[in-house]
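*Asks:* coords please:
(2 chains)
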Amino acid sequence: MGSRERVTVVLAGTDEHDLTKLAAYRKAGGFKSLAKARKMQPQAIIEELLTSGLRGRGGAGFPMGRKASFLAKETGKPVYLVVNADESEPGTFKDREIMFRVPHRLLEGCLITAHAIESGNVFIYLRGEYTHEFEVLRAALDEVREARLLGGVTVVLHRGAGAYICGEETALLESLEGKRGQPRSKPPFPAVQGLYASPTLINNVETIATVPAIVERGGAWYASLGVENSAGTRVFSLSGNVVNGGNYELELGTSLYELIYRIGGGIPEGRKLKAVIPGGSSVPVLSAGEIQYPLDFDSMAEAGTMLGSGAVIVIDERCCMVQLGLRVAQFYQHESCGKCTPCREGTRWMVQLLRAIEDGRAEHSELDLLLDVCDRILGKCLCPLGDAAAMPVASYVTKFRDEYRQHIDEGGCPFGGESSLQGVIAPIDQHTLSPVAEVPA
Amino acid sequence: MTKLVQEIREIAGQYPDARSAILPALHLAQKRNDGWLPPQALEEVGTALGVTPAYCQAVASFYDMLHLAPVGRHLVEVCTNISCALVGAQQVVEAFQRELGVRPGGTTEDGQVTLKTMECAGGCGWAPVVVVDHGYREPVTAEAVPGIVRELRGG
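*Replies:* Presented below is the predicted three-dimensional model:
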């Protein structure tokens, strides 16, 4: 698709203009979709969303129109719209850029969606660290309120306080209700009993910010972008060992090769590509030989991995894959909420085993033990956090087994201290560190 | 009624259930108490929202950004998740260790600066990311660290 014109939807206009102010956003055509939507029957908007094929951009990829049509009707309770802006999947920073560049597009999407599901209450749950984005959105919301565009809908901006698990929809709802962010058992699904036990639609920032374009140009137009089963564009977050890291909105179906080499400028200093994580740290890894795969839901499944949050992390030859596994496992151990035993205990086991392998204290049988621990987590918890630890680590061991074996055979890391991840201190290490640094001479 | 309790009740008015305001309330209480949540602050939050101080502590202890022990006047957080680590985050951590004389998790003796490592900050394409007093700096190389520390020490 190299010669095709680049289409942008969510970030449209942001390269040419500063769209953070309402006047500029309106000049670029903003809020026309809201006016159009408010003249449409709610069900007609949901039909357009169904036609568009828009799938959730948070990670799970569930079709938005279907999710909206599951909402329980005539319950006598209010219907809530909750926007998941708790972006925390390692490698992902797209929602942040959407919020600080086109806050009004997100707000317009919220108001259209609220009309479509007949909701008068919107909550936007932002990760606590995004203080700048919170202020940008607050200023935008003030402008929208003053311009009398809210139409009786209340929009509340809510800050989280640092917990990856709150990106999981039911944990987010618990947190928004003022509790520790621990996932709920499903069913009941949020569409039936969500926020305050009322019907609730939860969607990611990018998903909601796509809605105005679908209303403006029609679901069929959106469905014509991308490839089969993966309609439209996605904002891919490109990071790691790549020349031009950043967010790039591309049609689904663009190949990893094109993103990493043509758009991202390749690997710095002519180093060799070793591996790519195509959808955030929780998805299985691809080896350097697998980058011909297109970035869409079906192709990634065919490659044995997932499109996830659209975060592409590029890893060059200097990275030790045991250290990578250890760092990823440490993250999930730190973020496990502790509710389900396989995740709480399993992630700890993973870290211990990976540490032993890295330090050269493990035996060959422990590679299988590690895979066994991963298997005992997979699919056995209330939410996908445990899976998010087990899937990638199992893929590193399987795809780079020789490198893992080498650590055991050689009694330590074959990189001899030269790995790019050497010695990296994870937050979970801080509990055991001495508070005073040993300052090297 | 203290000013903090009053302010929290105003925030709580946005929600159908006051308890929903506990995170904004704890953020505010922390801001008013030198960056941490002493027992008195937990009591005020509890009073404002109609929950016990123990409940407030249980919630606060779940979230990384809420501190139940004193922290330095400035907070330096270095992201060491994979995207940042691949491009030199550990060298940035070590530069801060050298300049401040503390390990991650520690606070300088004069109580000025707390150094921490953090999980993915969401700036991966502009890595390494350092968050200074909740403001993102991207990218920060090890060479830029002495300047940041001078800035924090006001010199």
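*Asks:* now do the helices in chain B.
*Replies:* B:3-12, B:22-32, B:39-49, B:53-60, B:82-86, B:89-100, B:145-152 (DSSP state H).
*Asks:* and the residue nearest the centre of the chain?
*Replies:* Picking chain A for this. residue A:309 (3.3 Å; C-alpha atoms, centre = their mean).
*Asks:* please refer instead to chain B.
*Replies:* Centroid check for chain B by C-alpha atoms, centre = their mean gives residue B:65 as the closest residue, at 4.7 Å.
*Asks:* thought that residue was touching residue A:131?
*Replies:* No. Between residue B:65 and residue A:131 there is no contact under C-beta atoms under 8 Å: 10.1 Å. No exception for glycine: its C-beta is placed from N, CA and C like everyone else's.
*Asks:* return whichever strand in chain A runs longest as PDB; C-alpha atoms alone will do.
*Replies:* As assigned by DSSP state E, the longest strand anywhere in chain A is strand A:233-240. Written as PDB, here are the backbone C-alpha positions of strand A:233-240 (Å, rounded to 0.1, in the frame of the first residue of the first chain):
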ATOM      1  CA  THR A 233      -6.900   3.500  10.800                       C
ATOM      2  CA  ARG A 234      -5.000   3.100  14.000                       C
ATOM      3  CA  VAL A 235      -2.600   5.300  15.800                       C
ATOM      4  CA  PHE A 236       0.400   3.100  16.200                       C
ATOM      5  CA  SER A 237       2.900   3.900  19.000                       C
ATOM      6  CA  LEU A 238       6.400   3.200  17.700                       C
ATOM      7  CA  SER A 239       9.200   2.900  20.300                       C
ATOM      8  CA  GLY A 240      12.400   1.100  21.300                       C
END
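*Asks:* is that strand positioned near chain B?
*Replies:* Yes. Applying C-beta under 8 Å from any C-beta of the partner chain, one finds strand A:233-240 touching chain B at A:237, A:238, A:239, A:240.
*Asks:* strand partners (parallel or antiparallel) of that strand?
*Replies:* strand A:246-251 (antiparallel), strand A:311-316 (parallel) (DSSP bridges).
*Asks:* point out the most buried one among these.
*Replies:* strand A:311-316 (a mean of 28; mean count of other C-beta atoms under 10 Å in any protein chain shown).
*Asks:* now that one: average pLDDT?
*Replies:* Averaged across strand A:311-316, pLDDT comes to 98.
*Asks:* could you do stretch A:21-39 as well?
*Replies:* According to the model, stretch A:21-39 has a mean pLDDT of 98.
*Asks:* name the SS class of the spatially closest residue to residue A:356 that is not a sequence neighbour, please.
*Replies:* Spatial nearest neighbour of residue A:356, excluding adjacent residues (C-beta to C-beta, 6 or more residues apart in numbering or on different chains): residue A:362 at 4.3 Å. Following DSSP: H, G, I helix; E, B strand; the rest coil, the label given to residue A:362 is coil.
*Asks:* picking up where we left off before, looking at the helices of chain B, which is closest to residue A:268?
*Replies:* helix B:82-86 (10.7 Å; C-beta to C-beta).
*Asks:* show me what the closest one is packed against.
*Replies:* Secondary-structure packing of helix B:82-86 (3 or more C-beta pairs under 8 Å, 6 or more residues apart in numbering or on different chains; DSSP states H and E): strand A:233-240, strand A:311-316, helix A:321-335.
*Asks:* tabulate those (a markdown table), appending distance to residue B:129.
*Replies:* Below are those laid out as a markdown table (distance: least, C-beta to C-beta, whole Å):
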| stretch | distance to residue B:129 |
| --- | --- |
| strand A:233-240 | 10 |
| strand A:311-316 | 14 |
| helix A:321-335 | 15 |
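*Asks:* before we move on, back to that, roughly how far does the residue nearest to the centre of chain B sit from residue B:30?
*Replies:* To residue B:30, residue B:65 is 8 Å away according to C-beta to C-beta, to the nearest Å.
*Asks:* quick one, what contacts residue B:119?
*Replies:* A:88, A:90, A:164, A:331, A:334, A:335, A:426, A:427, B:64, B:79, B:80, B:81 (C-beta atoms under 8 Å, 6 or more residues apart in numbering or on different chains).
*Asks:* among those, which ones are in strands?
*Replies:* Among these, the residues falling in strands (DSSP E) are residue B:79.
*Asks:* between the contacts of residue B:119, which sits nearest residue B:2?
*Replies:* Of all the contacts of residue B:119, residue B:64 has the smallest distance to residue B:2: 26.8 Å, by C-beta to C-beta.
*Asks:* the helix or strand harbouring residue A:369: which residues count as buried?
*Replies:* Element membership of residue A:369 [criterion: DSSP states H and E] is helix A:365-377. Buried positions in helix A:365-377, judged by neighbour count with 16 or more other C-beta atoms under 10 Å in any protein chain shown: A:366, A:367, A:370, A:371, A:373, A:374, A:376, A:377.
*Asks:* got the angle for it vs helix A:321-335?
*Replies:* Interaxial angle, helix A:365-377 versus helix A:321-335 (axes from the mean of the first three to the mean of the last three C-alpha atoms, to 10 degrees): 40 degrees.
*Asks:* what's the distance between the one helix or strand residue A:396 maps to and the middle of its chain?
*Replies:* Per DSSP H and E: residue A:396 is located in helix A:385-399. Chain-centre distance of helix A:385-399: 17 Å, with C-alpha atoms, centre = their mean, to the nearest Å.
*Asks:* then stretch A:58-67?
*Replies:* The chain centre lies 13 Å from the centre of stretch A:58-67; the measure is C-alpha atoms, centre = their mean.
*Asks:* which outside residues touch it?
*Replies:* Here stretch A:58-67 makes contact (C-beta under 8 Å, 6+ apart) with A:46-56, A:84, A:89, A:167, A:191, A:201, A:203-204, A:206-207, A:279-280, A:282, A:297, A:307-309.
*Asks:* out of these, which end up buried?
*Replies:* A:46-56, A:84, A:89, A:167, A:191, A:201, A:203-204, A:206-207, A:279-280, A:282, A:297, A:307-309.
*Asks:* for the contacts of residue B:119, which one is nearest residue B:105?
*Replies:* residue A:427 (8.5 Å).
*Asks:* run through the bridge partners of the residue nearest to the closest one when sequence neighbours are not counted.
*Replies:* Excluding its sequence neighbours, the residue lying closest to residue A:427 (C-beta to C-beta, 6+ apart) is residue B:117, at 5.1 Å. Per DSSP bridges, residues listed as beta-bridge partners of residue B:117: residue B:78.
*Asks:* in the stretch 101-250 of chain A, mark out all the helices, start to finish.
*Replies:* For the stretch 101-250 of chain A, the helices defined by DSSP state H, counting those that start in this stretch occupy A:103-116, A:131-146, A:169-176, A:205-217, A:219-223.
*Asks:* can you tell me which residues in the stretch 101-250 of chain A are near chain B?
*Replies:* A:121, A:127-132, A:154, A:156, A:158-164, A:175-181, A:196, A:237-241, A:245-247.
*Asks:* put the buried members of the residues you listed into a ChimeraX selection.
*Replies:* Buried residues within these, by 16+ other C-beta under 10 Å, are selected in ChimeraX with:
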select /A:121,127,128,129,130,131,156,158,159,160,161,162,163,164,175,176,177,178,179,180,181,196,237,238,239,240,241,245,246,247
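*Asks:* could you list the residues of the stretch 251-400 of chain A in contact with chain B?
*Replies:* Close to chain B, as judged by C-beta under 8 Å from any C-beta, the stretch 251-400 of chain A has residues A:277, A:281, A:311, A:313, A:315-316, A:319, A:324, A:327-328, A:331, A:334-335, A:337.
*Asks:* which of those residues tops the neighbour count?
*Replies:* Counting neighbours by other C-beta atoms under 10 Å in any protein chain shown, residue A:311 leads these with 33 neighbours.
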